[in-house]
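1. below are the sequence and a predicted model for it; my questions follow.
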Amino acid sequence: MLRKPVWAVAALALILIAPPLAALPWTPAPVEMGPADSNPMPLRRVWFQHLATWGRSGSAPGQFREITDLALDEAAGELYVAEAGNQRVQVLDLRGQPVRQWGESGGAAGQLIHPAGLALDGQGAVYVADQGSERVQVFTREGEFARLWAHPRLRDIALGPEGRFYVLGEPEAARVTVYDSGGAALRSFPLRDEQDRPIPVVRAALSPAGLLYAADQSRLRLVAFSLSGVYLFQWRFQRSEVTGLGVSPDGWLYASESSGGTHLYNVRGELFGTLPLEGASAIAATSGDPAIVYLAAGDRIHVYSQHLEQERPVYLPRLSRADPPTPTATPSPTATRTASRTPTPTHTPTVPARTATATATTWADTYEPNDSFDHAAGPLASGATYRSYIWTRQDEDYYYLVVHLVHYPITVDLLDGPKTADYDLYLFDGERQLVAKSERVGSIEHITHLPRRAGLYYVLVRSYGGSSRTEPYVLQVVFGGATQTPTATGNTPYPPPATPTRSPTRTPTRTPLQTIPLPTRTATPSAPTPTPWMSYTPTPRR
């Protein structure tokens, strides 16, 4: 089937590929790119992170049966899903929630038998290749029938250059027919290999840059053609037959195999990374870095973020921070205040200014090097819990996290802390501007913030009063919908804000997904040695 560019990416068809991105094949170690590569920031590696899983098998809204194609409308924030098992097209928002659907079983105009491919023309029309009725039907974005045309033995449809539609048919000897938007046939050509043999194509993909990729299942290979059907080059599958193809607007080619995962190739067919999900029947992806990849497999849609690590380092703006006097050896462990505290000018959520001195009596946090934005520890994992200490009143702990989806809130919690201390919690965006804070009495704090953009965020834990060398605080951050509870449809909406119950014993009300203690500071006779479930060492961001 045909795969379209992001605005019409699908997992079974022709793929037009964008200008070259990177040159060298993937290796486990970082690779250097040659000067001929057009990518201004040569890639070193690509990695993925699982974000969410939507739906389950069924016919209710938000449920799926035999997904055959996906098409993404980034501008509208909607994902179109073709379901052969339910004979319909379903539209989701980018949180996985059903928005609308249309289609019913039958051969009349507007009815569907086996929808196999989707294409969006950018003008408000949805093109559906119905393999069961052997015709292409055109609908509005709201699902109203507009027109149709017949095509024998069609497999998929994709939008190509100049608004032309490429329809793949005759799977035993693949033939591509090009139509205008009204359904008039313009030309047709077969797909034949380097020995002029017909290729039995079941999966293919297309892109306006001038390349067409087809999966040859009989010889376990991917073959590249021009848009007139001229053979260009080929490469073999990694392990098994290809079940789905997709292409992003940036030119990345996704090929999912029945075993071995979903592989990411550059424009020349060179392998750059692998997703663990295998057997995907349909694939769609956004542009940019990070990109979001949607894969349909097992009557569910799996969502991943894709990250490109590039050769040029990312420099964080430095915060000018002077040093205070050295704290005394016996800091005060407590500080008193009333339950209804009114913030004073001396207690602000920003980093306090300190008077710089040239003497040797400067403040130095010898326990953890995360006492500033520039030395923030992380990245924090969504849903994990972290234990650390505020050893003195002047001690501050900074952490950072990377948010890829703006459709889910960030929740930050201090789940526990010293009973004799009062800690506060702050959240900053990538520009180090305060976006949320929690300054309750005690050491149990909660923040919920809906991010307006993806990228870096910082968490600051600081003392309003008291400290402890023996009692750690417990920090947890949840973002990207990682702890959402499935609804009756199997989809995952916004997670409800979690507000831990404040009690004198400070018992956490949520069970963490995992416990990852941060490394302890220099051991002292009074400092206990924690017994972690697993070892984790945050790397300070440079």
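-> Arrived safely.
2. quick check: bridge partners of the residue lying closest to Arg393 once chain neighbours are set aside?
-> Distances taken as C-beta to C-beta, 6 or more residues apart in numbering put Ser463 closest to Arg393, at 5.2 Å, once the chain neighbours are dropped. For the C-beta atoms, the positions are set from N, CA and C on the backbone; glycine is no exception. Beta-bridge partners of Ser463, counted by DSSP bridges, are Tyr423.
3. show me what contacts Ser463?
-> Going by C-beta atoms under 8 Å, 6 or more residues apart in numbering, Ser463 touches 390, 392-393, 395, 421-424.
4. dump the residues you listed into CSV; add neighbour count and pLDDT as well.
-> Below are those laid out as CSV (neighbours: other C-beta atoms under 10 Å; pLDDT from 0 to 100):
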residue, neighbour count, pLDDT
Ile390, 25, 90
Thr392, 21, 86
Arg393, 18, 82
Asp395, 21, 87
Ala421, 21, 91
Asp422, 22, 91
Tyr423, 26, 93
Asp424, 19, 94
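5. quick check, nearest of those residues to Arg147?
-> Taking C-beta to C-beta as the measure, Arg147 lies nearest Asp424 of the contacts of Ser463, at 62.3 Å.
6. next one: that closest one relative to Glu431, how far apart?
-> 21 Å (C-beta to C-beta, to the nearest Å).
7. pretty sure Glu241 sits against Ser256.
-> No. Between Glu241 and Ser256 there is no contact under C-beta atoms under 8 Å: 10.1 Å.
8. in terms of packing, which of the two has more residues around it?
-> More crowded of Glu241 and Ser256, by other C-beta atoms under 10 Å: Ser256, with 26 against 16.
9. picking that back up, most widely separated two among the contacts of Ser463?
-> Thr392 and Asp424 (15.3 Å).
10. packing partners of the strand or helix carrying Ala284?
-> Ala284 is located in strand 282-285, with elements delineated by DSSP states H and E. Helices and strands touching strand 282-285, by 3 or more C-beta pairs under 8 Å, 6 or more residues apart in numbering; DSSP states H and E, are strand 67-73, strand 78-83, strand 242-247, strand 253-257, strand 291-297.
11. ok, Thr53 - contacts?
-> With C-beta under 8 Å, 6+ apart, Thr53 has these contacts: 300-303, 492.
12. I'd like those as JSON lines, with pLDDT appended.
-> Below are the contacts of Thr53 laid out as JSON lines (pLDDT from 0 to 100):
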{"residue": "Arg300", "pLDDT": "96"}
{"residue": "Ile301", "pLDDT": "97"}
{"residue": "His302", "pLDDT": "96"}
{"residue": "Val303", "pLDDT": "96"}
{"residue": "Thr492", "pLDDT": "32"}
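13. any idea how far apart the tips of stretch 223-230 sit?
-> One end of stretch 223-230 to the other measures 11 Å (C-alpha to C-alpha, to the nearest Å).
14. actually stretch 400-420, not the one I typed
-> First-to-last distance for stretch 400-420 - C-alpha to C-alpha - comes to 27 Å.
15. low pLDDT regions in the protein?
-> 1-44, 171-173, 208-209, 310-368, 406-407, 481-542 (pLDDT under 70).
16. quick one, domains of it?
-> 6-29+40-310, 373-515 (automatic domain parsing).
17. the strands in the stretch 101-250 of the chain, which residues?
-> 115-120, 125-130, 135-140, 145-150, 154-159, 165-169, 175-179, 185-190, 201-207, 211-216, 221-225, 231-236, 242-247 (DSSP state E, counting those that start in this stretch).
18. thinking again about what came up before, for the strand holding Ala284, which strands pair with it and how are they oriented?
-> Checking strand 282-285 against DSSP bridges gives partners strand 291-297 (antiparallel).
19. what angle sits between the strand it pairs with and strand 78-83?
-> 20 degrees (axes from the mean of the first three to the mean of the last three C-alpha atoms, to 10 degrees).
20. mind listing residues that contact strand 291-297?
-> Looking at what lies outside strand 291-297 - C-beta under 8 Å, 6+ apart - the contacts are 11, 48, 51, 64, 67, 70, 72, 79, 81, 94, 244, 246, 248, 250, 252, 254, 256, 262, 275, 277-286, 301-306, 404-405.
21. noted, bye for now.
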